[in-house]
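1. give me coordinates for this.
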Amino acid sequence: MNIDCLSSLRGCGGAGFPTAFKWQAVRDANNSDSKVIICNADEGEPGTFKDGWLFDNHCEAVINGMRRAAEYVGAQRGFIYLRPEYSIQRELIVHQIEAMVADKLLSPQSGRIFQATCFPGRPAHLSNDGLNLIELSSLDWFVKHGSQDLIGETQETGGLLHHSQAEHPLPINEKVETGFCLDICIGGGAYICGEETALLESMEGKRPQPRHKPPFPTTNGLWGLPTLVNNVETFWWAERLLSGEWTKPAERLFSISGDVRNPGVYQAPLGTSARELIDDYAGGTTGDEPSCWVPGGAATGVLPPALLDCRMDNDSLKEHGTALGTAALTVYCQQSALEVSAKTMRFFAQESCSQCTPCRIGCAEFSDYLHDDNHHWPHAGPIDDWLQAMQLGSICGLGFTAPLIIRQLQKHFGFEVVGVE
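-> Next comes the predicted model:
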């Protein structure tokens, strides 16, 4: 199979990694008899809903994209890691797998549903201290020795939602008799599992925390096997390109929501301006001129109305200190940039996996700081030192991008830091 047509395709899950390069790396990896394909459908980035829309409308194409990837890299086993809220999409996926098994396009062993792990929900209000370090250590022991099917989600007071004593059932060592075997793995509701190595930890029955890299999943992924992890939209585009259905210039699916007349998922050329997406695709705003907007999901920060004519592609947005992310354009007319930023930072504080001290403490401190009416920074030393520590001392993108919230407020909205000199 020739994948030259994928040369311009970049991952659509947020990181934007070149798709063809990743496929080739898994193809070239050792241990050719045991490779894994994973579709990352843990769509947890606020404002993003394109993956759910794809399963609603193009489920077969997504799975065919996985089949083509499996054929190219030499994998016989695949999983769709699905966010737990997508119960309707789960039923559609199961029906589609059954139909493809009947047509002998998938292995008869396909279609099973397994449960991944998660950590307990962090407190929804930061006035609640949530889990302390002793409780976190106890949880790690519990996951390792007591339950391999632990489920958790953010709750009002934190804590466990549900657990099962069953041993983690992923059939990774089971021989696939014929064809490509595709199963479903239901996530536990953690934002961090959108990061591919945390997703792998979750599938292995461990507490989902990002891994140090290298080694990379392409050579040491699920249980150390060469693993290809791509977003739902990435597999969908791969199928369209490899089948010859799509030969036009690069486009993306944009999730447009917020204060717009027709929120939804829209396919548009990369480089279309945010203003065009709002006015020509989503029917314009529901009220006055936007007070602020988010270009690609919470992790891409908050931008001012003056930048609405910016082209929506990574190169153009990079000039303004942000990125396209998951292409989730959210428009705000009634809320200020400070209000949106404060809520975003609180979300990051709730969803930090707690592995990295700069991220765990930094997100909570900045959340309290933005919610403080006086915006007084209580710590000695420049606030920039904290932001830099988070960027340099965090393993995954959450700790790296969270400082963007503060930097965008300073750069685009004239937000002044008040603190101890």
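2. only C-alpha atoms from now on, for both contacts and neighbour counts.
-> OK.
3. what about Gly44, distance to Glu365?
-> 23 Å (CA to CA, to the nearest Å).
4. err, Arg68, not the other one
-> Distance, Arg68 to Glu365, using CA to CA: 46 Å.
5. ok, His95 next?
-> Distance, His95 to Glu365, by CA to CA: 46 Å.
6. who has more neighbours, those two?
-> Neighbours were counted for His95 and for Glu365 using other CA atoms under 10 Å; Glu365 has more, 19 against 14.
7. other SSEs contacting the helix or strand hosting the more buried one?
-> Glu365 is part of helix 357-371, with elements assigned from DSSP states H and E. Based on contacts counted as 3 or more CA pairs under 8 Å, 6 or more residues apart in numbering; DSSP states H and E, the elements that helix 357-371 packs against are helix 337-351, helix 383-393, helix 397-413.
8. can you tell me which of these is most buried?
-> With neighbours defined as mean count of other CA atoms under 10 Å, the helices and strands packed on helix 357-371 peak in mean count at helix 337-351, which reaches a mean of 22.
9. which other helices and strands does it contact?
-> Partner elements for helix 337-351 (3+ CA pairs under 8 Å, 6+ apart): helix 357-371, helix 397-413.
10. what is the mean pLDDT for stretch 305-323?
-> The pLDDT scores in stretch 305-323 average 93.
11. gap between that stretch and the chain center?
-> 20 Å (CA atoms, centre = their mean, to the nearest Å).
12. which residues does that stretch contact?
-> With CA atoms under 8 Å, 6 or more residues apart in numbering as the test, stretch 305-323 has contacts from 270-276, 289-293, 295-296, 300-301, 324, 404, 408.
13. what residues of it count as buried?
-> Of the residues in stretch 305-323, 305, 307-308, 310-314, 316-317, 322-323 count as buried by neighbour count, 16 or more other CA atoms under 10 Å.
14. same thing with stretch 275-282?
-> Neighbour counts using 16+ other CA under 10 Å place 275-278, 281-282 of stretch 275-282 among the buried residues.
15. the protein: strands as residue ranges?
-> 36-41, 77-82, 113-115, 181-186, 227-231, 251-258, 264-269, 292-294, 328-332, 376-377, 418-419 (DSSP state E).
16. tabulate the ones you listed in TSV, adding columns for mean neighbour count, distance to Gln350 and mean pLDDT.
-> Shown next, in TSV, are the strands of the chain (neighbours: other CA atoms under 10 Å; distance: least, CA to CA, whole Å; pLDDT from 0 to 100):
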stretch	mean neighbour count	distance to Gln350	mean pLDDT
strand 36-41	26	21	97
strand 77-82	26	21	96
strand 113-115	20	22	86
strand 181-186	24	21	93
strand 227-231	27	24	97
strand 251-258	22	22	96
strand 264-269	17	27	96
strand 292-294	25	20	96
strand 328-332	26	21	96
strand 376-377	17	20	82
strand 418-419	14	24	58
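17. find me the pLDDT at Asn173, would you?
-> Reading off the model, Asn173 has pLDDT 78.
18. lowest average confidence, helix or strand, in this structure?
-> Ranked by mean pLDDT, DSSP states H and E, the weakest helix or strand in the chain is helix 133-145, scoring a mean of 40.
19. among the contacts of stretch 305-323, which are located in helices?
-> Among these, the ones falling in helices (DSSP state H) are 274-276, 404, 408.
20. which one of those is nearest to Arg83?
-> Leu404 (26.0 Å; CA to CA).
21. okay, the strands of the chain in a markdown table with distance to Leu200 next?
-> Shown next, in a markdown table, are the strands of the chain (distance: least, CA to CA, whole Å):
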| stretch | distance to Leu200 |
| --- | --- |
| strand 36-41 | 9 |
| strand 77-82 | 10 |
| strand 113-115 | 13 |
| strand 181-186 | 11 |
| strand 227-231 | 9 |
| strand 251-258 | 26 |
| strand 264-269 | 28 |
| strand 292-294 | 29 |
| strand 328-332 | 24 |
| strand 376-377 | 37 |
| strand 418-419 | 40 |
